[in-house]
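Participant: predicted coordinates and the sequence they were generated for:
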Amino acid sequence: MRKNQKSILKVEGLKIYYPVSRGILKKPKYIKAVDGVNFEVREGEVFGIVGESGCGKSTLSRGICRLESITEGGIILDGEDIALFNNRKMRPIRKKVQMVFQDPYSSLNPRMTVFDIIAEPLLEYKLVKNRQELEERVTELLKKVGLDTYHAYRYPHEFSGGQRQRVGIARALAVEPRVIIADEPVSALDVSIQAQVLNLMNQLKKELNLTYLFIAHDLSVVEFISDRIGVMYLGDFVEIGGKKEIYKNPCHPYTQGLLSSVPVPDPDASKNRILMEGTIPSAMNPPDGCKFHTRCRKCMEICTVETPAVYQAGEDHYVACHLYK
Ligand code: SF4
């Protein structure tokens with residue numbers, strides 16, 4: 001994925017804070033779920049986001065779709081800042097950004113047939129002229145995701161988890177979105193089915209030049225599908241780079257710790273494992289300075305007081321750590 005590739009989505013200084021009430025006379029406190037995030041997604045690429053549970057990756061994805069209120073910052077989609085758009089202005093934008101959710105069962109209406117589920121966005125955005133065109137388009141979408149025409153008249157409960165996720169992908173594809181945000185799309189599926197759905201997403205990406213923002217906690221899943229990767233910790237990215245750079249030359253101590261925790265079939269590998277102490281601190285009370293300093297084995301004095309800037313660690317590879325000053 002080339003650096004000069006056109007950017008579809010740019011997120012600038014995005015903050016999503018949730019107020020926590022603490023009584024009338026006390027200063028309000030905030031859970032800083034997303035805390036000043038900057039990154040871009042380029043046309044035709046898969047940008048993977050990884051990080052432990054609670055790092056803010058799902059809140060970030062929901063914020064980009066404007067399913068969460070934005071506290072501050074910009075979400076520039078095709079050159080237009082949509083961060084403060086009202087519902088009316090968001091309507092055409094929703095067509096451009098589609099989501100594929102973790103649990104396909106709860107994201108599909110159990111009372112609707114698969115035909116109606118896929119037809120709904122086509123009708124809502126008036127993308128077909130008549131019933132015949134609607135039927136043709138639904139059939140085409142089912143075929144694209146590896147389902148048969150007879151599946152159209154079944155209900156979600158009649159499908160396996162993998163098939164339901166295929167229906168979710170077909171529905172997302174129906175409106176020809178600019179970006180598909182996939183939030184842990186395979187984590188609820190069996191390992192063998194995960195591979196099938198990932199292969200399908202990869203194949204569709206090549207065929208239709210799709211752009212994905214792909215969120216997962218499983219590092220091997222992100223490695224398989226992504227072109228570039230952002231590593232998130234406590235509401236912000238600590239490292240962003242190409243897949244090879246991140247996996248072969250991880251620079252941030254947190255990325256190094258995450259990658260070394262991936263199980264490999266080699267008993268000697270455990271000797272080189274980098275252990276991260278403790279758990280992720282509360283987003284309501286994040287540590288001063290570098291937010292990772294409470295768990296970092298390379299922590300220096302400056303790390304406890306000064307937030308690290310973002311430094312260039314290689315071509316198209318950036319890291320927020322004082323070690324690279
Ligand atoms: Fe560790 Fe300091 Fe780098 Fe933070 S800035 S990751 S504490 S070395």
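Facilitator: Sure thing, it's come through.
Participant: how close does Gly13 sit to the ligand?
Facilitator: Noted for Gly13: a distance of 20 Å to the ligand, by CB to the nearest ligand atom, to the nearest Å. Quick note: C-beta positions are derived from backbone N, CA and C, even for glycine.
Participant: now do the same for that residue: helix, strand or coil?
Facilitator: strand (DSSP: H, G, I helix; E, B strand; the rest coil).
Participant: tell me if Ile169 really is in a strand.
Facilitator: No: Ile169: not assigned to a strand; according to three-state DSSP it is helix.
Participant: ok, it - contacts?
Facilitator: Residues counted as contacts of Ile169 (CB atoms under 8 Å, 6 or more residues apart in numbering) are 100, 145, 185, 197, 200-201, 204.
Participant: residue of the stretch 101-250 of the chain nearest the ligand, please.
Facilitator: Nearest residue of the stretch 101-250 of the chain to the ligand (CB to the nearest ligand atom) works out as Val238 at 7.0 Å.
Participant: can you give me the buried ones in the helix ranked longest in the chain?
Facilitator: As assigned by DSSP state H, the longest helix anywhere in the chain is helix 191-208. Buried residues in helix 191-208, counted by 16 or more other CB atoms under 10 Å: 193-194, 196-198, 200-201, 204-205.
Participant: from the chain's centroid, how far away is whichever helix or strand comes after that helix?
Facilitator: Once helix 191-208 ends, the next helix or strand along the chain (criterion: DSSP states H and E) is strand 212-215. Mean-position distance between strand 212-215 and its chain equals 4 Å (CA atoms, centre = their mean, to the nearest Å).
Participant: do the same with stretch 225-233
Facilitator: Worked out by CA atoms, centre = their mean, stretch 225-233 lies 9 Å from the chain centre.
Participant: quick one: contacts of it?
Facilitator: 1, 39, 42, 45-52, 55-57, 60, 198, 201-202, 212, 214, 222-223, 237-243, 246, 252, 254-255, 258, 280, 291-292, 316.
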